[in-house]
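# Kindly return the folded structure for what I paste below:
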Amino acid sequence: MEQIARQDTAAFRRLFDRHAPLLLALGCRVLNDRQLAEDVLNEVFLELWQSPQKYDAGRSSPRTYLVLVMRRRSIDRLRSRRSGIKTVPLYASSTDNNPGRSNHEDAFADAEERQRIRSVLAGLPEAQRRAIELSFFEGKTNVEIAESTGEPLGTIKGRIRLGLIRLRDQLRTMGTKGGRP
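This next block holds a predicted model:
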């Protein structure tokens, strides 16, 4: 990211090549429209190129930062087009929304990581798992989740936060046991 801040186009290209498939898949899930997802993806990387100082290495990894920006932008776009948009379920095949990769090892590693996330997600308490799925995979805001479930907003926020902390901790534990960071 430091190289990108110095306007290093090769570093930017490597970052794009590495993370664009994941971000595009996320955008497709939230928006259910590949063209819109591609537009949002371009906006995310354009913002990074123009304002690299927005990224704070002390707060997150580049991947996490990009995922959060992509998610936020996709939800914003979804809100502006709210009429009749449907989302793709969490467990749908990722091959429809994930552009082909030339590196089979990367594709295998991504599939392995998705499986790890699914298994940890399945182990969360039902209320936390559902709140995370509604937020991250269906693109609903915390307010929308609270309204649809009839739960207080603070409860929804707490469930998502606790669930994400558990996910993070479990994935870290799995990563060290399985040899993957």
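# Thr141 is in contact with Met153, correct?
If you look again at residue 153, you'll see it is Leu, not Met. No - taking Cβ atoms under 8 Å as the definition, Leu153 is not a contact partner of Thr141, at 9.9 Å. C-beta: built from backbone N, CA, C; applies to glycine.
# Which of the helices or strands spans Asp56?
In the assignment (DSSP states H and E), Asp56 maps to no helix and no strand.
# Where does the prediction get shaky in the protein?
Counting by pLDDT under 70, the chain contains low-confidence ranges at 82-111, 175-181.
# quick check: longest helix of it.
helix 153-178 (DSSP state H).
# Output the contacting helices and strands for that helix.
For helix 153-178, the helices and strands in contact under the criterion 3 or more Cβ pairs under 8 Å, 6 or more residues apart in numbering; DSSP states H and E are helix 104-122, helix 126-132, helix 142-149.
# Measure how far it is from the centre of its chain, please.
14 Å (Cα atoms, centre = their mean, to the nearest Å).
# could you check the angle helix 142-149 makes with it?
Using axes from the mean of the first three to the mean of the last three Cα atoms, to 10 degrees, the interaxial angle of helix 153-178 with respect to helix 142-149 works out to 110 degrees.
# Use 580 as the first number for this chain going forward.
Taking 580 as the first residue, the last one we looked at is helix 732-757.
# list the buried ones in helix 732-757?
Across helix 732-757, burial judged by 16 or more other Cβ atoms under 10 Å covers 735-736, 738-739, 741-743, 745-746, 749-750.
# Can you name the residues that contact Arg695?
Neighbouring residues of Arg695 by Cβ atoms under 8 Å, 6 or more residues apart in numbering: 750, 753.
# and if you look at Lys633?
Remark: with contacts taken as Cβ under 8 Å, 6+ apart, Lys633 is in contact with 626-627.
# So the protein: which segments form each domain?
Domain assignment for the chain, taken from automatic domain parsing, gives 580-668, 685-760.
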